[in-house]
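A.B. asks: Predicted coordinates and the sequence they were generated for:
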There are 2 protein chains.
Amino acid sequence: MQKHNLVLMVAGMALAGAAMAAEDKLMSQAQGLFKPIPQEPPELEGNPSSPAKVELGKMLYFEPRLSKSHTISCNSCHQVGLGGTDMLETSVGHGWQMGRRNSPTVLNAVFNTAQFWDGRAEDLAEQAGGPLVNPVEMAITHEHAVEMIKGIPGYQAVFEEAFPKAEDPITIGNIQDVIALFEATLITPNAPFDQYLQGDADALTEQQKTGLELFVNKGCAACHSGVNLGGDQYQPFGVVEQPGADFLPREDKGRFEVTQSASDEYVYKVPSLRNIALTPPYFHSGKAWDLKQAVAVMGSAQLGAELNDEEVNSITAFLHSLTGEQPKVAYPILPPSTAETPQPQLGIDQ
Amino acid sequence: MQKHNLVLMVAGMALAGAAMAAEDKLMSQAQGLFKPIPQEPPELEGNPSSPAKVELGKMLYFEPRLSKSHTISCNSCHQVGLGGTDMLETSVGHGWQMGRRNSPTVLNAVFNTAQFWDGRAEDLAEQAGGPLVNPVEMAITHEHAVEMIKGIPGYQAVFEEAFPKAEDPITIGNIQDVIALFEATLITPNAPFDQYLQGDADALTEQQKTGLELFVNKGCAACHSGVNLGGDQYQPFGVVEQPGADFLPREDKGRFEVTQSASDEYVYKVPSLRNIALTPPYFHSGKAWDLKQAVAVMGSAQLGAELNDEEVNSITAFLHSLTGEQPKVAYPILPPSTAETPQPQLGIDQ
């Protein structure tokens, strides 16, 4: 072998080695920052699960008679076949009224440390009680929810099976608990990124790896980390520079409404990026329909970084690797209303 | 054996024999008038089925982006878990506008000889095109339906699989055809009455058999016969005596609107009674929430018969035997919107 060729070969091996070392480093960095979605739903503290409870929770999740009009169920705004959302800027509720903020996905919501954009509910069970009583959403009272379910005779036996020891199992607490237990099953494991985190370097494309590297090095991962790449921090929308009122309407002050603390003005829960490619439009305002645009706005508003087109494309490609296996849900059969069941109220002022 | 006892025994056997003969006679009468729901969906003329088409049809059936607001799908008014209905007097459509007539069940609709309360659509595929363009329902145009589905990139491959020979498979005709093919799978076999028709005399209770006998002898079966106990005739609401305007609002003249024939005033398609216990409220006006009340009104309006409470109860018990196995539907995962997908229009005048 000529000396010249030998030098080239050694140099080539060194380069390949360096590339592999860089690949390994990226993977270990990622494994330190993020965690895969588990295969099985997590347990909920103080809310033990059972197949009967999950089945009942699914029935109530699809139950439109939990709304004043009998037309709106949990699944109306958090559709299990639409990435757990309704793909609207903000949802349509009772009397065609519009919600204030974009409906967050129910998928993997169990891994968030609090619920709603402003974190005002501690967990899924508490969250489930909110839209029921919101006058622009389902527009009933918790008392009416109980009256309604008691007014549908077929539910009695299902509640007794779910709560065999309870004397009077149909309570608002049990309704919220079983909805939460069903929602906890709506997890999406085995995304390409999860396979990557579990050691399969080929699960991401080269562009996705470049995107992941940018995601880490530009600072996105400072907020979007953990199992949900988000969902566990509060941050101002506009850490560096407030975006325009088109994306951040000034009348909605976010978590300030919960804490009344000036430092919480325009602060929101950092959303999960899991299945983000399935859940346009983006931001709490739902004003960005284009994922690339959302990435670019995040760069400037949160990081003070003007990302170029190639960077935006790579990060967006990485975000597509967060799409996991969507939940398999058998549509539940709901018991019929009877002559004694409370009837729907379609009017807005009824 | 004493002569006295022998007489009693013979008399007893004769009575039992007469009862059995009456039972047999009722069953053969029923077998002549009605047919069981088949185990498998029927074929649709000129619309051959395939698993890929049925799966696509299911996606489109659950697709809210086929409505102007992106909030209303076929399943909104014909929920597969609510007996194929929405359990409202009349449905809520675009902009919270109310429909004119009660949403008929989609379950077993394939066995009706025409669709809609006035029979204005010949079959399920033609029916599927109607609510899309009704301004108080989904409120789009057929052109927009095609534009919409073409604007969701994930649908292209699914249509190509369903229509492998078509050059441009996303057409309004194909959309309507596959929805019809999915709907044709929504049949509910094995109701107690079907088991009875297949020879199992014990499938009905004594009260249900009394109800069946009344149903035949009082004349109900003159209109409610065949596989669907209805769905294959047109009759005036008020054959003998028009019911009050609470049940029959005078401004809706029924099939007259289709034919402009005076004899079709207040004429409607006889509804199927399959799964009737699951689908309150009743009548085209949706004004009767109580099945017993509906039976009594039918007696006086259609037959000129004042049914007593016991008769109403027996007929109602028989109607409960028409509840079949409800369809098992796995909720479809729908492809996401993108930056190029047409956006929802929530306004009524947009």
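C.D. replies: That came through, no problem.

A.B. asks: got the CA coordinates for stretch A:159-166 in PDB?
C.D. replies: Provided in PDB are the C-alpha atoms of stretch A:159-166 (Å, rounded to 0.1, in the frame of the first residue of the first chain):
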ATOM      1  CA  PHE A 159     -71.300   2.600  37.800                       C
ATOM      2  CA  GLU A 160     -72.000  -0.200  40.200                       C
ATOM      3  CA  GLU A 161     -69.600  -2.400  38.300                       C
ATOM      4  CA  ALA A 162     -66.900   0.300  38.300                       C
ATOM      5  CA  PHE A 163     -67.500   1.200  42.000                       C
ATOM      6  CA  PRO A 164     -68.700  -2.100  43.600                       C
ATOM      7  CA  LYS A 165     -68.300  -0.900  47.200                       C
ATOM      8  CA  ALA A 166     -70.000   2.500  46.800                       C
END
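
A.B. asks: Once you drop chain neighbours, what's closest to A:G231?
C.D. replies: Excluding the flanking residues, the one nearest A:G231 by C-beta to C-beta, 6 or more residues apart in numbering or on different chains is A:N112, at 3.4 Å. C-beta coordinates here come from the backbone N, C-alpha and C atoms, glycine included.

A.B. asks: Torsion angles phi and psi at the one you found?
C.D. replies: phi -80, psi 150 (degrees, to the nearest 10).

A.B. asks: Enumerate every residue touching it.
C.D. replies: By C-beta atoms under 8 Å, 6 or more residues apart in numbering or on different chains, the residues touching A:N112 are A:N228, A:G230, A:G231, A:D232, A:K269, A:S272.

A.B. asks: Sitting in strands, which of those do you find?
C.D. replies: Secondary structure from DSSP state E places A:K269 of the contacts of A:N112 in strands.

A.B. asks: Which one of the contacts of A:N112 is nearest to A:H94?
C.D. replies: A:K269 (25.1 Å; C-beta to C-beta).

A.B. asks: Might one say that the closest one is in contact with A:P236?
C.D. replies: No. Applying C-beta atoms under 8 Å as the test, A:K269 and A:P236 come out as separate, 11.6 Å apart.

A.B. asks: quick one, which of those two is more surrounded?
C.D. replies: A:K269 (24 against 18; other C-beta atoms under 10 Å in any protein chain shown).

A.B. asks: Now that one. Nearest residue, chain neighbours left out?
C.D. replies: Spatial nearest neighbour of A:K269, excluding adjacent residues (C-beta to C-beta, 6+ apart): A:G119 at 4.7 Å.

A.B. asks: tally of neighbours for that neighbour?
C.D. replies: Neighbours of A:G119 (other C-beta under 10 Å): 21.

A.B. asks: residue ranges of the helices in the stretch 101-250 of chain A, please?
C.D. replies: When secondary structure is read from DSSP state H, counting those that start in this stretch, the stretch 101-250 of chain A shows helices at A:124-133, A:142-150, A:155-162, A:172-183, A:192-197, A:206-217.

A.B. asks: Highest mean neighbour count out of these?
C.D. replies: helix A:172-183 (a mean of 24; mean count of other C-beta atoms under 10 Å in any protein chain shown).

A.B. asks: For that one, C-alpha coordinates in PDB please.
C.D. replies: Written as PDB, here are the backbone C-alpha positions of helix A:172-183 (Å, rounded to 0.1, in the frame of the first residue of the first chain):
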ATOM      1  CA  ILE A 172     -69.300  14.100  40.200                       C
ATOM      2  CA  GLY A 173     -66.100  13.000  41.800                       C
ATOM      3  CA  ASN A 174     -66.500   9.500  40.300                       C
ATOM      4  CA  ILE A 175     -67.500  11.000  36.900                       C
ATOM      5  CA  GLN A 176     -64.300  13.100  36.800                       C
ATOM      6  CA  ASP A 177     -62.100  10.200  38.100                       C
ATOM      7  CA  VAL A 178     -63.200   7.700  35.500                       C
ATOM      8  CA  ILE A 179     -62.900  10.200  32.700                       C
ATOM      9  CA  ALA A 180     -59.300  10.900  33.900                       C
ATOM     10  CA  LEU A 181     -58.600   7.100  33.900                       C
ATOM     11  CA  PHE A 182     -59.800   6.800  30.300                       C
ATOM     12  CA  GLU A 183     -57.800   9.800  29.300                       C
END
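
A.B. asks: Which elements pack onto it?
C.D. replies: When contacts are defined as 3 or more C-beta pairs under 8 Å, 6 or more residues apart in numbering or on different chains; DSSP states H and E, helix A:172-183 packs onto helix A:51-61, helix A:124-133, helix A:142-150, helix A:155-162.

A.B. asks: right, so of those, which gets closest to A:A14?
C.D. replies: Of all these, helix A:124-133 comes closest under C-beta to C-beta, at 52.0 Å.

A.B. asks: Now do the closest one: distance to the chain's middle.
C.D. replies: Mean C-alpha position of helix A:124-133 versus that of the full chain (C-alpha atoms, centre = their mean, to the nearest Å) differs by 15 Å.

A.B. asks: Report the angle between that helix and helix A:172-183.
C.D. replies: Interaxial angle of helix A:124-133 relative to helix A:172-183 (axes from the mean of the first three to the mean of the last three C-alpha atoms, to 10 degrees): 110 degrees.

A.B. asks: picking up where we left off before, and the residue nearest to A:G231, how close does it get to chain B?
C.D. replies: 21 Å (C-beta to the nearest C-beta, to the nearest Å).

A.B. asks: Relative to A:K269, how far out is that residue?
C.D. replies: Per C-beta to C-beta, to the nearest Å, A:N112 is found 7 Å from A:K269.
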